[in-house]
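Colleague: A structural model of the following input is requested.
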Amino acid sequence: MQNYGKAKLVEEKVFKDPVHRYIHVRDQVIWDLISTKEFQRLRRVRQLGTTYLVFHGAEHSRFNHSLGVYEIVRRIVDDIFSGRPDWDENERLVVLCAALLHDLGHGPFSHAFENVFHTDHEYYTRQILLGNTEVNDVLNRVSEGFPEKVAQVIEKTYPNETVVSLISSQIDADRMDYLQRDAYYTGVSYGHFDMERILRVMRPRKNKVVIKASGMHAVEDYIMSRYQMYLQVYFHPVSRSAEVVLNHILKRVKQLSIEGYQFAVEPTHFKPFFKGQISLEDYLSLDEYILYTYFQSWMKEKDPILSDLCSRFVNRNLFKYANLNPEEDPEKFNQIKNLLVEAGMDPDYYLYHDCTSDLPYDFYRPGEESTRIPIFLEKPNGEIRELSQESLVVDAIAGRIKTDHKVYYPKELLNRGKGSHIKQELLEALRSK
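Modeller: Predicted structure coming up:
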C-alpha cells in the first residue's frame, strides 16, 4: 500500500481505559498492529505476574499496559512536541510503534519463567518484530527497514536519543503508565502522581527530553510514587512467595523430564524449553492460561513434590517467610535446612533465599557510563541541570539501593516445632516479619 505509514482510519477508534479514560487510534498501522495475533496474545499475560494472589484486583494484562504506553507517547508527540523545532515529525510513527510493541516478548509469569528456562523477553521482542510474524508483516508495509528501526528504539540503540527517552528513561511513558495502572488495579494510592503536569512541562531538546524547572515538584512526586510502589507492591513478600513456588514448579518439571519421569499429563509445550531448542512459534504458544491448565492437571501427578507445589500455587497455600540473609547468618539458614530434611522435605524445592533491590533514582555521574538516562531540568535561562542537582528530595534518595532479604519455607515447619527438640529461638526467627 503506497503511503501506508501515513494512512489514517476513516473513523478514529477509541478504547475505554480506566487510567487514561480514552485511548485514541487514528493511524492504520497502529490499528493493524493491535489486531495481530502476537499483540492479542498479551491479553493472556498478566502485567504483574503473581501479584493478583496478594492484591485481588491485579488481573490486568500486558495488553492494556501496552495500549496505555502508546497513548501517553501519542499525547506527547501529537500534543506536546508537535511543531517544536527540536522534534522531527518523521520520528512520530516509529516511536508510536515502539511504545505499543515494547512488551511484545514477555512470556507467562515473565520473571519466574525466565529464571528457570533462561529466556530473555527482550530477545523475543526482537524476534517477533523481525521474524516471520504478523507484526513484522505490518511493519514492513511502512517501509523497508522499518521493523529494524522499531527494534532499535526498544533496544535503546536508535540514533535519536530523544525517541529512546520517551520509551526508556527514568521518566518514560512505560513507567508513567505502569505506576498509575498498577496502583489502580491493586487499589493502593502510592502510584498516583500528577502526570498531566509532567506532560505539560516536557520539552524536546537535542538528543534528550527535558522537564521545565517549574515542573520539578511534580517529578519529585513521581519519583516518590515509584519508590513506594516498589516497596509496597512490586516487592510484596507474599507475591514473592508465590513466585518462589511457581519457580520451583517449573524447576521440578524440568528435572523430572531430564530424569525420564513418566508424566500422566506430558509437558508437551515445555519440551522445546527443556532441550534449549526454542522456535518463535514454541515461545508464542505459551501463555498463562496454558500454564494454569498444566498446574491443575499436575496436582494429580504421582510425583509428590510436583503435586504438592502445584496444589500450593493453585490453592494459594504459599510459603511463609523470615527476614534472614544466609550470608550474614549461615548457621541459622543451615538449621532451617536441616529441619526441612528432618521433616522429609527436599530443601531444593522447599527452601529459598530471595533478595530484591531497587534504585529509586540513578543520578548522573560525570565520566561514568550509565544504562539509565537521567531526568534533566531546564531552568528559565535555558541551562539544563540533572534532577538531583536541583531537588533536595531526589538528592536524598539518589543512588541509594534498597535491598531486602527473605528466606521462604513451608509453614508446616512452625507447627512441627511445637513440643519438639527444635530450639525456640529458631521458631521465633521463622515467625519474624
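
Colleague: C-alpha only now, for contacts and for neighbours.
Modeller: Will do.

Colleague: Let me see the contact set for Thr119.
Modeller: Residues near Thr119 by C-alpha atoms under 8 Å, 6 or more residues apart in numbering: Phe113.

Colleague: from now on call the first residue 15
Modeller: Noted, 15 is the first residue going forward, which turns the last one into Thr133.

Colleague: pLDDT value on it, please?
Modeller: Looking at Thr133, its pLDDT stands at 91.

Colleague: same thing with the one 10 residues further on?
Modeller: Note on Leu143: pLDDT of 98.

Colleague: List the contacts of it.
Modeller: 149-150, 161-162, 164-165.

Colleague: Give the buried subset of these as a PyMOL selection command.
Modeller: Selection of buried members from those for PyMOL, criterion 16 or more other C-alpha atoms under 10 Å:
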select buried, resi 149+150+161+162+164+165
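
Colleague: From the contacts of Leu143, which land in helices?
Modeller: Using DSSP state H, 149-150, 161-162, 164-165 are the members of these that sit in helices.

Colleague: of these, closest to Asn331?
Modeller: Of all those, the one with the least separation from Asn331 (C-alpha to C-alpha) is Val149, at 39.7 Å.

Colleague: Tell me the one of the ones in helices among the contacts of Leu143 nearest Tyr66?
Modeller: Val149 (29.5 Å).

Colleague: quick one: buried residues of stretch 411-422?
Modeller: Those would be 411-413, 418-422, for stretch 411-422 by 16+ other C-alpha under 10 Å.

Colleague: Need the max-distance pair from these.
Modeller: Using C-alpha to C-alpha for every pair in the buried residues of stretch 411-422, the one that comes out farthest apart is Ala412 and Tyr422, at 30.4 Å.

Colleague: ok, Asp186 to Ile387 distance?
Modeller: Distance, Asp186 to Ile387, by C-alpha to C-alpha, to the nearest Å: 10 Å.

Colleague: Following the record's annotation, map out the domains of this structure.
Modeller: Domain ranges of the chain: 18-248, 258-370+419-445, per automatic domain parsing.

Colleague: now, of the ones you listed, which is deepest in the fold?
Modeller: domain 18-248 (a mean of 19; mean count of other C-alpha atoms under 10 Å).

Colleague: Can you get me the start-to-end distance on it?
Modeller: 40 Å.

Colleague: Low-confidence stretches in the protein?
Modeller: 15-16, 377-386, 428-447 (pLDDT under 70).

Colleague: returning to that earlier point: between the buried residues of stretch 411-422, which sits nearest Gln61?
Modeller: Looking across the buried residues of stretch 411-422 and measuring by C-alpha to C-alpha, the closest to Gln61 is Asp418, at 22.6 Å.
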